[in-house]
Each structure stands twice: as structure tokens, then as C-alpha cells.
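Enquirer: structure, please.
(2 chains)
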Amino acid sequence: MNKLDLDWKPLALVPLLALLVLPFIGSPSTWLTLTVAGLAMGMIIFIIASGLTLVFGLMDVLNFGHGVFIALGAFVATSVLGSMADYTGSASLLQNLLAVLPAMVIAMLVAAGVGLAFERFIVRPVYGNHLKQILITMGGMIIGEELIKVIWGPLQIPLPLPEGMRGALLFGDAAIEKYRLIAVVVGVLVFGLLLWTLTRTKLGLLIRAGVQDREMVESLGYRIHVLFIGVFVAGSALAGLGGVMWGLYQQSVIPQMGAQVNVLIFIVLIIGGLGSTTGALIGALLVGLMANYTGFLVPKAALFSNIALMMAILLWRPQGVYALSK
Amino acid sequence: MSDNLLALEGVHTHIGAYHILHGVDLQVPRGQLTMLLGRNGAGKTTTLRTIMGLWKASRGRITLNGQDITAAPTPQIAGRGVAYVPENMGIFADLTVRENMLLAARSARTAAQIDEQRLKWIFSLFPAVEKFWNHPAGKLSGGQKQMLAVSRAIVEPRELLIIDEPSKGLAPAIINNMIEAFGELKRSGVTILLVEQNFNFAKRLGDTVAVMDNGQVVHAGGMKELAENEELQHSLLGLAI
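Expert: As a prediction, the model looks like this:
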């Protein structure tokens, strides 16, 4: 995008929301704690949602089964981290990372492998039919959940934070949990990598072009289906990574966690504009902040707040904050 | 090898329940500019899309350089040296002009790897492409978008250019510019199949012509012959143009 043509208004929404609630919260330290918590939650949701937005934008596929990759990633993490108790029990952050990083990589690989099969056997037969896509991908997620129960059992499994990632850092009166800072850093890294790939590489150029006009990309000589499989698999891997992050954020995992997060993801995608990565980031940050602010200010409205946020955004921009040219 | 680069024999195309092409026979001679004329709904765009594999022929045969491409997927047809400019121009509005050109240059990974000499030649044909190189393509005017669409099609040497109604909605000055550019392209030796409704545009450029009606080619021959034969023009103009 040309710098002069950058649509800055959606970018201003996140700081605007944060500043607007400051007088209602009153205490700056509480506000800072809630804001970092909201940003961390938003970053994790972004990691999960970023692949899905490209899948929809590129192939017009509504994948309601995306949640299964989140749950899968989280459950794989319980197994990997459970087998590395020496590393997770250490107070050294470096040792903790030596356990968490392999857990993330393995979770991503498993989610990517299952994503490949999911695309081949569940999504591919229903290209071009949204109703069938919704039904069959939801069915796929139910089957995935049941398979998770077969492997890991139906009960909640604890996923405690490694020792060195627990606790909080104090900034004046504000307590910022270490893990939330880690989540923000991982989210920024993923966003940076995605943005670099999409804007600085020919592969990214093809993905952005494919989101706008698949037929023309094929007419230029590129096999869009191969590109789509790659994006689907990468999106599944990112959901697996997001599942690890979300599981550690909640410190427990249940087989239904994917379905629970699915609702948030679709709110994020609709707010951001289907197919837009930057839109997904803004949507995720807004959802994360809104959940934390309303959870503190009006707990009874917390469940409703993100739906209200989505409605407000759609009244302003019916196609989401960054609608793509199709 | 035949003098025809592209040939369609008895091509039928169905779109859903609709039978659009009813046995199209069309020859595109190598190194010439063939005009495909016809009224709205005659089947011109469907013919181009069927050649590109975007819609599959239900019957008949399409050959390129003597090789059957009837069932070939679109990327494979493009890979054999066919460039296509659709009626809506197919510009990626959210990408810059440079990025649009880079996508079409399949052998280049960065804009710097695009053949510099060829790029200079394209800039001489369409100066707007150079002027707006780093601008979002969606911000260009209709004429500039058309220039970008054609430039993108020729950013690397191609054997056949297929262009759908390049003069549609353009101002007369831009149309003159396009005619000059297509004339230059012809002189470069590339084969062109061009759909057009503007007969004045067509007769200034075409070497051969095919006129379509009701999903069939109802007349094929030299453009000069049609341009000079008022009676033939009258019968076809009334029918098709």
C-alpha cells in the first residue's frame, strides 16, 4: 500500500478505545494491567485468526472447523510440556523456553499435518458451496474433538505455566504478568513475519492477489490451488501455535476449547474485514481489550461486549475495517 | 506446422444449464491480429474464457501450436505462452502497478529482475505505467488500468495475446493511444486475438476477422475485405456490430 494512501482510521481505534476507558477505570495502574492483558489476549487471538482470514480471502472457504487445530495444538502442548517437567519446573526462563519452543514447534507440525488432511478430505469436496462448507467443517470439528477425547480423555487437563514464566513484573503500582508480555512479543513476531511475507515476497504477492481475484492469478500461470493448500496448512499451524499460547494463558485445556474460541475468531474476522491480515490484528486487539475492560467494569456485560463492538464496527464499515477490493 | 497458432473446431460450451457456444470454428493465424466481433451476448467472451480454460468446452477441440489444450487447466495454458486480458481488466486493485507487473513476470522474483529493455519498451508504449509505477492500481483511471492490463500481458514475451474489449468505456484520445500501441505490438510479431464491438477500432487494427452470433462464428475472412465491402458490412453490422 502506498504510504500516502494508508487508511489510518482503523489503526487509531485501538489507542482510542484504550484512552476512552481510562476515566472509567480511574486508576492508571489498573488500566495498564488491563490494557496489557487485553493486548496479550488480542495477540493470541490474532495468531489463531490470521490463517483463517487468508483461507477465507483466498478460496472463499468458510472453515468453521478451525477451532479443532487450536485444541489440537493445546493438547499436544500438554503432552510435550508434561514430558519435560525438569525444564518447565526450573525457575530459569531459558530452560522454560527450551521446553515451550519445542512444544510450539511440535504443536504446529501436528496441526499442519492434520490441516493438510482436513483440506484434502473435508474442505476440497465442498469448494464453492458455503452452506456445505459450514456444515461439513463443523462436523469435522466435532469429529476432531471426539478424537481428542479418545487420545487425551474427556476431562480438563491442567497446562500450568512453566515456573520462570509465572508471576508479574511491577511497573509502579501496575503488575504486568510475565506470560502476557511473552504473548505480546510472540504475537508481534508472528504479525511481523506475516506482514513481511505478504508485502516483501513474491509468495505474499501471490496470496494478496489471490485474495482479490483468484481467476486472474490462474490466468497469469500460477496454480492457485497449490497456493491455497499451503495457506491452509500454514493457517492450521498458526492455529496450533495459538492453541499452545491460549492453553498456557488459561492454564488448562478442554476438548471443546476450539469451539469456544471459534466465536471470538469469527468476530475478529468480521471486524477486520474478511481476508485482511492487518484488519484481523486490529479486530483481535479490540476484542482482547474490550473483553478485559468490560470484565473489570461491567462483568455482566462481558459476554455481550464483543458482539456489541462488532455491531458498532459494522455500522461504521459494513465490510469490516479493512475491506478488500474484490 | 500450420499457419494457425490457435484453432477452435466445433467448440461447445455450457455454463450451468445454459448452452452458450454452439460449435465455434475459429482460426487465429500466427503473427496476425484477429478481431472477434459480435453483438452483446453473441458468445465472444465465452469463447475467450473457453480458450483460457476458465470455462471448459463440453465438446469440440482447441489446439495451440497444434497441441490439444481443450482440457488443459488455465495455469498450464498460460504457461504455454498465452496472455489474457479479461473484460474487467483483472487488475489487482490493492497492489501497486509495480506489483501487478511483477506478478505477470513469472521468471522474476523481484521487480529489479524484470527485463529492463522490455520494461523500457512497455513504458514507451504506455507512459502511464512508468508514471504511476509505485501507485496502487486501484487508484488509476479506466484508461490507465487498461494500459496496465495490456502491459502486464506483455511484460514477458508471449506467443498469443487474448484481449477482451480493450476500448470499452475509454475516451477517444485513449483509444487512439491503444490503437498505436496495438499496432506496435503487431509489428513486434506477437499474435493477437482481440474481442471488439467498436468497428472503427477493429478495422484500423485487424488483419483477419471473425463475426459471432448466437454462439457461432457466422463470418470469417480478411478485415480489409470486410472494411471495403459495404454490402457485407451492412449485413454483418445489422446482425452483429
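Enquirer: show me what contacts residue B:76?
Expert: The neighbours of residue B:76, taking CB atoms under 8 Å, 6 or more residues apart in numbering or on different chains as the test, are B:53, B:69. Using the backbone N, CA and C atoms, a C-beta is placed for each residue, glycine as well.
Enquirer: helix, strand, or coil at it?
Expert: With DSSP: H, G, I helix; E, B strand; the rest coil as the basis, residue B:76 sits in helix.
Enquirer: in the helix or strand where residue A:312 lies, which residues are buried?
Expert: Using DSSP states H and E, residue A:312 falls within helix A:302-316. Of the residues in helix A:302-316, A:302, A:305-306, A:309-310, A:313 count as buried by neighbour count, 16 or more other CB atoms under 10 Å in any protein chain shown.
Enquirer: could you do stretch B:102-120 as well?
Expert: Of all the residues in stretch B:102-120, those buried under the rule 16+ other CB under 10 Å are B:102-105, B:108, B:114, B:119.
Enquirer: farthest pair within these?
Expert: B:103 and B:119 (14.4 Å; CB to CB).
Enquirer: picking that back up, which one of the buried residues of stretch B:102-120 is nearest to residue B:30?
Expert: For those, with residue B:30 as the reference and CB to CB as the criterion, the closest is residue B:104, at 22.6 Å.
Enquirer: what residues does chain B have near chain A?
Expert: B:52, B:54, B:73-75, B:78-79, B:84, B:86, B:90, B:92-96, B:99, B:102-104, B:106, B:109-110, B:134-136, B:138-139, B:152 (CB under 8 Å from any CB of the partner chain).
Enquirer: out of those residues, which are inside helices?
Expert: Applying DSSP state H to the residues of chain B next to chain A, the entries found in helices are B:74-75, B:78-79, B:99, B:102-104, B:152.
Enquirer: tell me what the one helix or strand residue B:45 maps to is packed against?
Expert: Using DSSP H and E, residue B:45 maps to helix B:44-51. In terms of contacts (3 or more CB pairs under 8 Å, 6 or more residues apart in numbering or on different chains; DSSP states H and E), helix B:44-51 is packed against strand B:4-15, strand B:18-29, strand B:33-38, strand B:57-64, strand B:160-164, strand B:191-196.
Enquirer: so which residues of chain A form helices?
Expert: According to DSSP H, the helices that chain A contains are A:9-25, A:28-59, A:67-82, A:85-88, A:93-118, A:130-152, A:178-200, A:202-212, A:214-219, A:224-250, A:257-272, A:277-297, A:302-316.
Enquirer: contacts only, for the most centrally placed residue in chain B.
Expert: Here the mean C-alpha position of chain B is nearest to the C-alpha of residue B:163 (CA atoms, centre = their mean), at a distance of 1.7 Å. Shown here is residue B:163, whose contacts under the criterion CB under 8 Å, 6+ apart are B:84-85, B:150, B:153, B:192-195.
Enquirer: repeat that for 6 Å
Expert: With contact set as CB atoms under 6 Å, 6 or more residues apart in numbering or on different chains, residue B:163 has these partners: B:85, B:194.
Enquirer: before we move on, back to that, reformat the buried residues of stretch B:102-120 as JSON lines; add pLDDT and distance to residue A:94.
Expert: What follows is these, written out as JSON lines (pLDDT from 0 to 100; distance: CB to CB, whole Å):
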{"residue": "B:102", "pLDDT": "97", "distance to residue A:94": "42"}
{"residue": "B:103", "pLDDT": "96", "distance to residue A:94": "44"}
{"residue": "B:104", "pLDDT": "96", "distance to residue A:94": "48"}
{"residue": "B:105", "pLDDT": "96", "distance to residue A:94": "46"}
{"residue": "B:108", "pLDDT": "94", "distance to residue A:94": "43"}
{"residue": "B:114", "pLDDT": "95", "distance to residue A:94": "46"}
{"residue": "B:119", "pLDDT": "96", "distance to residue A:94": "51"}
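Enquirer: alright, that wraps it up for me.
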